[in-house]
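# sharing a sequence plus its predicted fold:
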Amino acid sequence: MFNIKPANKNNLFGGALIALLVFSIPIQTRIFIGEVGGTLQGNEFLTAWLWASDIIIFFFIATAIARRHKIIKSLVLIFLGLFVFFVILSSIYAINDESSLWQLFKLIEFILLFIAAQVFSSKNIKDGLVYGLAAGATFQSIIAFLQFRFQHEAGFWILGESPINVNMPGVAETIITNASVLRAYGTTPHPNILAAYLAVTIIILSAYLINYFKWTKEEKDKKSTAQKIVFGGVILLSFFGIILTASRVSWFVLASGLCILFFWVLMQKKYWFKPILSVAGINATAIFFVFLALYPFIVPRLTVNRYEQAVGLRLFYNQIAREIIGERPLTGVGSGAFSEHIGKPSPTFQLKNWLYQPVHNIYLLIGAENGLPALAAFIAFVGAVLFFGIKNIVKNEQDKIFRFGVFISACAILFIGLFDHFPWTLQQGRMMLWLLLASILV
């Protein structure tokens, strides 16, 4: 694996910096830089922005560079290098040079984030994830409730909250008793992104609490009750928030992730039983109260109609992606060019502006934009990261359960990538993907 040895394993500053980075993930505060689209003007996926989180990322990378460390090449590095090579190659043959170069710059930014995160100690990573997610999820869940209550934005424009209401075209909504209801956004660009953030929060905090209760029992730590109350409250709020997003994929990912976590822990030694019973009780209580309060909102979203707009659009984008891969299997159309490719003037159909989006599958998107060799290298890179992540889980007894929770969360984002593009195309999704992949290697 990337064996990057941290300079100071007990550096409080490192944990605080990671917590700030994690807290900033859902925040949309940004400055417009310019258009990078040739034929589509004003398209979200063909514009360049400087995000507030970019500044934190650059500071994070600079901090990592300032620390003394040693990088040992590995299978992960080889596959990552191959992937970057194929992306650069696809840029040479891109249909939009500006878009391709901008997306290449963003890719390098997040690869540097991935590498920089491994300079920090495992304690920095754990503290940063736990406290950053707890603070971020609490804040975002409160905003989600306000948006649901008033059916429009909550007024947090300074944090990049989108101007939304249930009557705006292109705004995500669901139907309850024949009435349109706004899905909660938080300060993210879409409810699905907020849902993924909250799902990751619940899984990681649950794993942290199991791990914490097990070891504090042996150490007779008196803070366990406070931990249970504080993080149990965050989990409850996060359940309310994720339900208000009405994101079915994230609901499924959360339910599956928790079941896998609890089942895997039960398969360990018997002394894990009491900690898991306590944490499962916290989650069960949260689910009970949320279901009781939001039953009419939940039930209609438990079924999927193949004729729904969301399903039809995904099938349409998938078909376009397969056609592009068939036409340009080696290089694709270039990073960021998928939306522009389907936006070319066509005599057969004309879409509304907000429908010119990337395919809602990051693997098809990489194949269509960067070619099949790039897709193969990316899958190999992810496989290598997961392999070394499993090795880390096995050899670190004291943090085993927490590490497994982070591993599940990374897999959850990768799974969501089968049904949505944001882990690859949007700032918030990219931060979650690359930071979680890095975290399972530390």
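Nice, thanks for sending it over.
# strands of the stretch 51-200 of the chain, residue ranges please.
Shown for the stretch 51-200 of the chain, the strands assigned by DSSP state E, counting those that start in this stretch span residues 173-176, 179-182.
# rank those strands by pLDDT, which is bottom?
Mean pLDDT per stretch puts strand 173-176 lowest among those, at a mean of 83.
# each with direction, which strands does that one pair with?
Strand 173-176 has its sheet partners listed here by DSSP bridges as strand 179-182 (antiparallel).
# just how off-centre is the strand it pairs with within its chain?
Between the mean C-alpha location of strand 179-182 and the chain-wide mean there is a distance of 26 Å, by Cα atoms, centre = their mean, to the nearest Å.
# still on that earlier bit, with distance to residue 320 and mean neighbour count added, can I get the strands of the stretch 51-200 of the chain in TSV?
(C-beta placed from N, C-alpha, C; glycine too.) As requested, the strands of the stretch 51-200 of the chain are arranged in TSV below (distance: least, Cβ to Cβ, whole Å; neighbours: other Cβ atoms under 10 Å):
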stretch	distance to residue 320	mean neighbour count
strand 173-176	25	16
strand 179-182	28	16
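# possible to save these as TSV with distance to residue 380?
What follows is the strands of the stretch 51-200 of the chain, written out as TSV (distance: least, Cβ to Cβ, whole Å):
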stretch	distance to residue 380
strand 173-176	38
strand 179-182	41
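# of all those strands, which one is nearest residue 166?
Distances from residue 166 to each of the strands of the stretch 51-200 of the chain were compared using Cβ to Cβ; the minimum, 4.4 Å, belongs to strand 179-182.
# send me the closest one as CSV with only the CA atoms.
C-alpha atoms of strand 179-182 as CSV (Å, rounded to 0.1, in the frame of the first residue of the first chain):
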residue,chain,number,x,y,z
ALA,A,179,-49.3,16.5,-3.7
SER,A,180,-45.7,17.5,-4.7
VAL,A,181,-43.4,17.7,-1.7
LEU,A,182,-39.9,19.2,-1.8
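# show me what it is in contact with.
147-148, 151-152, 164-166, 171-175, 297 (Cβ atoms under 8 Å, 6 or more residues apart in numbering).
# quick one: mean pLDDT for stretch 329-344?
Stretch 329-344 carries an average pLDDT of 85.
# just to revisit the earlier point, and which of the contacts of strand 179-182 is nearest to residue 387?
Within the contacts of strand 179-182, the smallest distance to residue 387 is 36.3 Å, found for residue 172 (Cβ to Cβ).
# from what I can see that closest one touches residue 183, true?
Yes: between residue 172 and residue 183 a contact is recorded at 4.4 Å, counting by Cβ atoms under 8 Å.
# settle it for me: which of the two has more neighbours?
Residue environment comparison for residue 172 versus residue 183 gives the larger neighbour count to residue 183, 24 against 17, counting by other Cβ atoms under 10 Å.
# confidence score at that one?
Reading off the model, residue 183 has pLDDT 94.
# cool, residue 243 as well?
Residue 243 is assigned 96 on the pLDDT scale.
# residue contacts, it?
Here residue 243 is in contact with 251, 290, 294, 297-298 (Cβ under 8 Å, 6+ apart).
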